[in-house]
Every structure is written in C-alpha cells, then in structure tokens.
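Novice: How does the following fold in three dimensions:
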Amino acid sequence: MNFQEKTEARFKLGAHLAENFLAQKPWANLSPEADVTFEAIMLFFFCKSYKTYQAIAVLWRAGFYEDAWLLTRTLFEIWMQAAYLRKEPRERARQFQKHDPIRMYRAYLKLKEHGENKLAVAFEARADFAEIQSQYDHSGTTKQRQNNWFGKSISSLARELGPDFKKHYLVDYWWQSNLVHSAGTSMQHYVTDSLELDCRPGKTEPGLDAKIAPKSATAYFISSTEEISEALSIDLQADVQLAWAGLQALDAVSETAA
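Specialist: Numbering: from 1, shown residues only. Alright, predicted model coming up:
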C-alpha cells in the first residue's frame, strides 16, 4: 500500500466514524425546554471538528498540504475543549455561554478605539446590544485579557488536562505553529535551498512534517469524537475501537514512512 492509498484509507476511517455518530441522531431526544447547553456545545464541537476534518481532506487532495497540516491544530483544540468541558459539564457550559457577549463587547470596544465608527455604530444597532453591554459590565472580567472561553492559554489548558495533551501540544502543535506563524523553519515548504519557489498546490511531494497531517488529523478526530460520544452517552465505543484499530493497522504497513 503506497502513501496515497494509506492517506485515503485514513480519511475513510474518520468519515465512517463520523457518519456512524450522525446515524445515532444524538439531538433527537434533547428537549428544548430543558437545560441542554452542555449537550448543544458538545454537538457543536462535533460538527466543527467534522467539517474541519473534511476540509483537511479536501485541501490535502488538492495539494494544499501545508494548509491541511495547520488545520489539524483546530482538531486538537476542539479535542482539548471537549475534554475540559466534560470534567464539569454544567458549570463550564455556562462559562462557555457567558463568554460570548464579553468577547463580542471587547471587539466592539476595539472598533471604537481604532476609529472604526461605522462598524461600531452598526454594532450598537443590534437588537441585543444593551443586553451584551450589560452582561459585559456585570461580568467582573472587564480587565481580563484572556480571549478564550476557558480563561487560560492553549498551553495552560494542555498542561492542566494531563501528559497526553501536553505531549501533543509540545510536539505536533509546535510544528503546526511554525506554519501558522511563518517561522523560519517553515521556509523549506515554500523556498528551496536553490531559491526555487514552491507556491502552487501539489507541485512537489509534501515535506515529512506536513506528510503526517492525514494521520494526525484522523487521530485527533477519533479522539474528539470518542470524548463527545461518551459525554453524550452515545453508544459508539465499538465504532471508536474499530477506528483506532484501523489506524494502527495502517501504521503497521511499512512500505512508506508516514
């Protein structure tokens, strides 16, 4: 089995798991009259991770290897947030929900600060502007500069969640960040030693670090889907185990390195 065949097999594993999750219709038994904030957020995490996973596959097949690789950061972040939310479901679901108006009002204040008056006036015209302003004023976090709903940095969250998350943050996330933030180590993907430019999709083979994108994306997607399905008491464990077994079997195929 060559590298491209292994890549497609990996993407199929993730897509099959996702479709099995959707086939369970996890939203069907939720009552709008009940407090389903936690469940709704978990379903949001699943949908965002699955759409991102599909976007990674599309970009990879089109030859945008680096952009596919850096998008796997999103899957890692969703996995972490799902794990964090699950530890204290109701309290942290409220924290997630309450953060949005604070984040929005901070953005509004920045518009005013930088003279974007037309956009600021448009924001003030929102029907819920007074409510957003009130929630911001009473939040007690007006001086807090942290923009994440969980109130800490990505690195702090990874450390809090334990060794497995910390390892992925320090290894994979670091490499992905080199591409996101245009570090010197990412130049090799776009400019060769002879100064030949590589700026068209699929022109050359993906580099070794970008080459692990399909594998990492699938592993992160399985992890987040497992976290979410367990949090929502969805019977998906057998499918998750099959997905992990399939990924491990592909890793055992030794024809190519990745």
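Novice: What about residue 24, how many residues nearby?
Specialist: As a burial measure, residue 24 scores 14 neighbours (other CB atoms under 10 Å). Every C-beta, even on glycine, is put in place using the N, C-alpha and C of the backbone.
Novice: Going along the chain, name the helices of the chain.
Specialist: 3-23, 37-61, 65-87, 89-113, 117-124, 129-137, 154-161, 163-168, 174-180, 208-211, 213-231, 237-252 (DSSP state H).
Novice: Give me the buried positions along the third one.
Specialist: Spelled out, that is helix 65-87. Using 16 or more other CB atoms under 10 Å as the test for burial, helix 65-87 gives 65-86.
Novice: send the alpha carbons of it over as PDB?
Specialist: This file holds the C-alpha atoms of helix 65-87, laid out as PDB (Å, rounded to 0.1, in the frame of the first residue of the first chain):
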ATOM      1  CA  TYR A  65      -0.500  20.000   2.100                       C
ATOM      2  CA  GLU A  66       0.700  22.800   4.400                       C
ATOM      3  CA  ASP A  67      -2.700  24.300   4.900                       C
ATOM      4  CA  ALA A  68      -4.200  20.800   5.600                       C
ATOM      5  CA  TRP A  69      -1.500  20.300   8.200                       C
ATOM      6  CA  LEU A  70      -2.000  23.600  10.100                       C
ATOM      7  CA  LEU A  71      -5.800  23.000  10.200                       C
ATOM      8  CA  THR A  72      -5.100  19.900  12.400                       C
ATOM      9  CA  ARG A  73      -4.500  22.500  15.200                       C
ATOM     10  CA  THR A  74      -8.200  23.200  15.200                       C
ATOM     11  CA  LEU A  75      -9.000  19.500  15.800                       C
ATOM     12  CA  PHE A  76      -6.500  19.300  18.700                       C
ATOM     13  CA  GLU A  77      -8.100  22.400  20.200                       C
ATOM     14  CA  ILE A  78     -11.600  21.000  19.900                       C
ATOM     15  CA  TRP A  79     -10.500  17.700  21.500                       C
ATOM     16  CA  MET A  80      -9.000  19.600  24.400                       C
ATOM     17  CA  GLN A  81     -12.100  21.800  24.900                       C
ATOM     18  CA  ALA A  82     -14.400  18.800  24.800                       C
ATOM     19  CA  ALA A  83     -12.300  17.100  27.400                       C
ATOM     20  CA  TYR A  84     -12.200  20.200  29.600                       C
ATOM     21  CA  LEU A  85     -15.900  20.900  29.300                       C
ATOM     22  CA  ARG A  86     -16.700  17.300  30.200                       C
ATOM     23  CA  LYS A  87     -15.000  17.400  33.600                       C
END
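Novice: gap between the nearest residue to residue 96 once chain neighbours are set aside and residue 55?
Specialist: Counting by CB to CB, 6 or more residues apart in numbering, residue 96 lies nearest to residue 149, which is 4.9 Å off, once chain neighbours are set aside. Note on residue 149: its distance to residue 55, by CB to CB, to the nearest Å, is 22 Å.
Novice: More neighbours: the two, which one.
Specialist: Legend: neighbour count by other CB under 10 Å for residue 149 and residue 55, higher for residue 149 (18 against 15).
Novice: Which residues are in contact with the nearest residue to residue 52 once chain neighbours are set aside?
Specialist: Leaving aside its sequence neighbours, residue 52 sits nearest to residue 74 (CB to CB, 6+ apart; 4.9 Å). By CB atoms under 8 Å, 6 or more residues apart in numbering, residue 74 lies in contact with 48-49, 52.
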